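Chemist: I need the structure of the sequence given here:
(2 chains)
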Amino acid sequence: MEFVESAALVLGSAVRLSVPLLLACLAGLWSERSGVVDIGLEGKMLAAAFAAGAAAAVTGSAWLGLLAAILTAIAFSLVHGFASISQRGNQIVSGVAINFVAAGLTALLGQAWFAQGGRTPPVQGDARFQPIDLPGEVAARAAGGFGRLWSEVVSGHNILVYLAFLAVPVTWYALGRTRFGLRLRAVGENPHAVDTAGISVAGLRYAAVVIAGLLCGLAGTYLAIAQSAGFIRDMTAGKGFIALAALVFAKWRPVPAMLTCLLFGLLDAVAIRLQGTPLPVVGPVPVQVFQALPYVLTVVLLAGFIGRAIPPRASGVPYTKDR
Amino acid sequence: MSKFVTALFLAMAALSAPAAAQQFQPAILYDLGGRNDKSFNEAAFMGAEKFKKDAGAEYRDFEIQNDAQREQALRNFARRGQNPIIAIGFSQAQAVEKVAKEFPDIKFAIVDMVVDLPNVRSILFREQEGSYLVGVLAAMASKSGKIGFVGGMDIPLISRFACGYVQGAKATNGKIEVYQNMTGTTGAAWSDPVKGGELARSQIDRGADVVYHAAGGTGIGVLQAAADAGKLGIGVDSNQNGLHPGKVLTSMLKRVDVAVYDSLKDAKSGTFSAGVKVLGLAEGGVGYAMDDNNAPLVTAAMKAAADKAAADIVAGTIKVHDYMADKKCPF
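Modeler: Predicted coordinates for the structure are as follows:
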């Protein structure tokens, strides 16, 4: 029973840690499925986190923080879109630029507005997304054992966590089962065919990067005012890049993306739990092993051990009409 | 020929210009995290501000945005004839060493690291002594008999905090269990409050009811997680009791402000000495914070125990283990 309870605690922690990865990963999925490589996930998340922290601190409302975050992330997305869709620039360069701009701008504005070393003031109460207790929470907690699975893993998260997991089936349906999704995927595979059919390639790609911005906005909000209580400089700490690794690992598909992010979250949670405790047989395992695992797994995948990861064919290629 | 001599004189005059600028023009270079980090750098800023008020001396300061700026900023200060130049943080060591060699006439000071040069004062703290005291308080405040520690980057300096804390806690309650976590192995470990919160939460889930952090910006998340769970956090470096009044048991004070103030004072009065200077409890370099925010949390008995431990450490009857001496923690 005690094992089940610790497992429940680790799984709960894994869910909380995987949410920003999942949202960023889905953002990357939308963008790349349409043919726009998005290495700027990290920057957009960071900018969104700053906007959420700043707006929530000033207005005292978590929802206004969320709105500000989404608008900010979409604005950054549109910059990326303008550079890589309208101007047909190099998408990697544009994405890297977004990461730099976000890192510098958030620190600068944070210092100029709040004068706390680039942080936003800590927020409390309504300015944060609070945990929601699902029905049966108390009874399940009291029951212990498998009841803890309900109280720790399923219940007691904030609304953004549930939204993130809801975004998975929505993405799956929208991309795989709707006309819009079919066209969007086609634009990522063969934009010429879509163009020949009289559908705007640029329009679809812009729609995709805006959706990516929306999801990055949710991710940043989660980091700043749900999981923590304010923005801190560079608080994304590389999550945007792990999300990209997860996207490759999941081979650009929504449900595997969720599973991969949960796996990466679990690795993180296990690393936290096992730090300093010796394992049977092998003895104490350096934490770095777990920290490196997401990247190692991705490299192993890319080397062809777990099947091939084939990106959308037109991803990274700006679309130019034939003459 | 006469032209050549004039040129020579001019060159010599130009070379000796820095020497002429040997007045008191102090400068401070903060570490990543910035002047108002509510922690380490802010303590340095407080010390400089206090000196400015007391002595009426203006100073320059600079907040770096990335590692590459360290050397550049120090050299800029030195070229302008700023003297002394105080660098805050162990990460500045390489830059200080390089620039101090180039400007042997300028006095440098560095906090948290040793740079062995004739014009550099290295200021170290016996963090283990302050950590011992908050360990005593944590052990007495804990009802579950389990307490936690969250460190920032996994470096010997932070293990030193952890070891002193464990020793203090175990000396108070031999059966106490201490969970220890480090946030990471890179500089990002100082600014990852999400991970810090998750680490603290994992310790709290396992029964810890007091969590001490030595993790810079990451610690904001640690204190937040403790406050959210209705448990107690312990702050570090500056007085962080006010971040969550009533939820922060105390703060381990590392008097960087005192170090900065004293260095400025010595430089002004001409008694600035190079070499290693270690500040512990006896020198008032470390301690624990008491104010209105945590007064209801610290009982008279707890305060008495901590003060007695402090007196014993100063007297030498309690020896606090220094992790950095042998890279081991025997507790």
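Chemist: any idea how far A:L71 is from the closest residue to chain A within the stretch 1-150 of chain B?
Modeler: Nearest to chain A in the stretch 1-150 of chain B, going by C-beta to the nearest C-beta, is B:G34, at a distance of 3.3 Å. (C-beta placed from N, C-alpha, C; glycine too.) B:G34 sits at a distance of 27 Å from A:L71 (criterion: C-beta to C-beta, to the nearest Å).
Chemist: looking at those two, which is more packed in?
Modeler: B:G34 (23 against 16; other C-beta atoms under 10 Å in any protein chain shown).
Chemist: what is the neighbour count of the nearest residue to the more buried one once chain neighbours are set aside?
Modeler: Closest residue in space to B:G34, ignoring its immediate chain neighbours: A:G117 at 3.3 Å, by C-beta to C-beta, 6 or more residues apart in numbering or on different chains. Using other C-beta under 10 Å, A:G117 has 24 other residues around it.
Chemist: run through the helices of chain A in chain order.
Modeler: Using DSSP state H, the helices of chain A run over residues A:2-33, A:41-59, A:62-81, A:91-114, A:137-143, A:147-148, A:159-177, A:179-189, A:191-196, A:201-221, A:239-249, A:254-274, A:287-302.
Chemist: closest to A:P122 out of those helices?
Modeler: helix A:41-59 (7.9 Å; C-beta to C-beta).
Chemist: ok, B:K247 touching B:A227?
Modeler: Yes - B:K247 is in contact with B:A227 according to C-beta atoms under 8 Å; the separation is 3.9 Å.
Chemist: for A:V210, list the residues it contacts.
Modeler: By C-beta atoms under 8 Å, 6 or more residues apart in numbering or on different chains, the residues touching A:V210 are A:I74, A:S77, A:L78, A:G81.
Chemist: what's the spacing between the third one and chain B?
Modeler: With the distance defined as C-beta to the nearest C-beta, to the nearest Å, A:L78 ends up 26 Å from chain B.
Chemist: for the residue nearest to B:E71 when sequence neighbours are not counted, what are its contacts?
Modeler: Leaving aside its chain neighbours, B:E71 sits nearest to B:A95 (4.1 Å; criterion: C-beta to C-beta, 6+ apart). Applying C-beta under 8 Å, 6+ apart to B:A95 gives the contacts B:R70, B:E71, B:L74, B:A87.
Chemist: neighbour-wise, which of those residues leads?
Modeler: When neighbours are counted by other C-beta under 10 Å, B:A87 leads those with 30 neighbours.
Chemist: wait, a helix at it?
Modeler: No - secondary structure of B:A87 (DSSP: H, G, I helix; E, B strand; the rest coil): strand, not part of a helix.
Chemist: nearest to A:A55 among the contacts of B:A95?
Modeler: Nearest to A:A55 among the contacts of B:A95, counting by C-beta to C-beta, is B:R70 at 33.5 Å.
Chemist: okay, and the closest one sits in which element?
Modeler: For B:R70, the element it lies in under DSSP states H and E is helix B:69-79.
Chemist: which elements pack onto that helix?
Modeler: Secondary-structure packing of helix B:69-79 (3 or more C-beta pairs under 8 Å, 6 or more residues apart in numbering or on different chains; DSSP states H and E): strand B:27-30, strand B:60-63, strand B:85-88, helix B:93-102.
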